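> I need the structure of the sequence given here:
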Amino acid sequence: MQTSYALQTQGNEFTKVSKLCATVEAFRSTCYQSLGSDAAGQNNYDVAETRATCMLGKSYDARSNCVIGAAKTFVSNYQDYARAKALCQSVDADIRAACLKAVNDYKKVTKLNFEPRLG
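A predicted model of the protein is given here:
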């Protein structure tokens with residue numbers, strides 16, 4: 001939620017907030033992933049628009065974690081693994097592998113947490 005507030009204070013400019021994330025050493029990846037969640041929501045969960053927003057990041061770390069955060073948001077908000085994987089597939093190979101791994105790992109966790117347990 002910190003990045004949502006930062007976006008409000010920075011005129012909704014993702015590049016400015018991405019630069020702010022770069023200054024938070026201990027939580028940099030988390031900050032970028034939160035920004036990815038914001039990118040997904042603000043782009044109405046559209047894969048192409050979310051990808052374009054995440055690609056505004058100036059570093060590999062910024063771009064990859066933004067995409068991972070957005071893909072996790074597709075999963076957590078909609079259980080939409082297909083859209084999350086489509087986002088991962090839309091990026092360069094260096095980010096794609098990390099994104100697909102994150103989605104698959106997240107799918108395992110959310111499956112345990114969201115599916116009803118019988119008996």
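> distance between stretch 66-73 and the chain's centre?
Mean C-alpha position of stretch 66-73 versus that of the full chain (Cα atoms, centre = their mean, to the nearest Å) differs by 2 Å.
> identify the residues contacting it?
With contacts defined as Cβ atoms under 8 Å, 6 or more residues apart in numbering, stretch 66-73 is touched by 18, 32-37, 39-41, 45, 50-51, 53-54, 57, 84-85, 87-88, 91, 95, 98-99, 102-103, 106. To be clear about C-beta, it is placed using only N, CA and C from the backbone, and glycine gets the same treatment.
> and the most centrally placed residue in the chain, backbone torsions?
In the chain, the C-alpha nearest the mean C-alpha coordinate belongs to Gly69, at 1.9 Å (Cα atoms, centre = their mean). Note on Gly69: backbone dihedrals following degrees, to the nearest 10 are phi -60, psi -40.
> go on, Leu56?
Main-chain dihedrals, Leu56, degrees, to the nearest 10: phi -70, psi -20.
> isn't it right up against Lys16?
No: applying Cβ atoms under 8 Å, one finds Leu56 not in contact with Lys16, separated by 9.9 Å.
> what's the lowest-mean-pLDDT helix or strand in the chain packed up against?
Least confident helix or strand, the chain: helix 93-114 with a mean of 83, by mean pLDDT, DSSP states H and E. Packing contacts for helix 93-114, counted by 3 or more Cβ pairs under 8 Å, 6 or more residues apart in numbering; DSSP states H and E, involve helix 60-78, helix 81-89.
> list the contacts of the closest residue in space to Leu100 that isn't next to it in sequence.
Leaving out its chain neighbours, the residue that sits closest to Leu100 by Cβ to Cβ, 6 or more residues apart in numbering is Cys88, at 4.7 Å. Contact analysis of Cys88 by Cβ under 8 Å, 6+ apart lists Val67, Ala71, Ile95, Arg96, Cys99, Leu100, Val103.
> show me which pair in the residues you listed is furthest apart.
Greatest spacing in these, by Cβ to Cβ: Ile95 and Val103 (12.1 Å).
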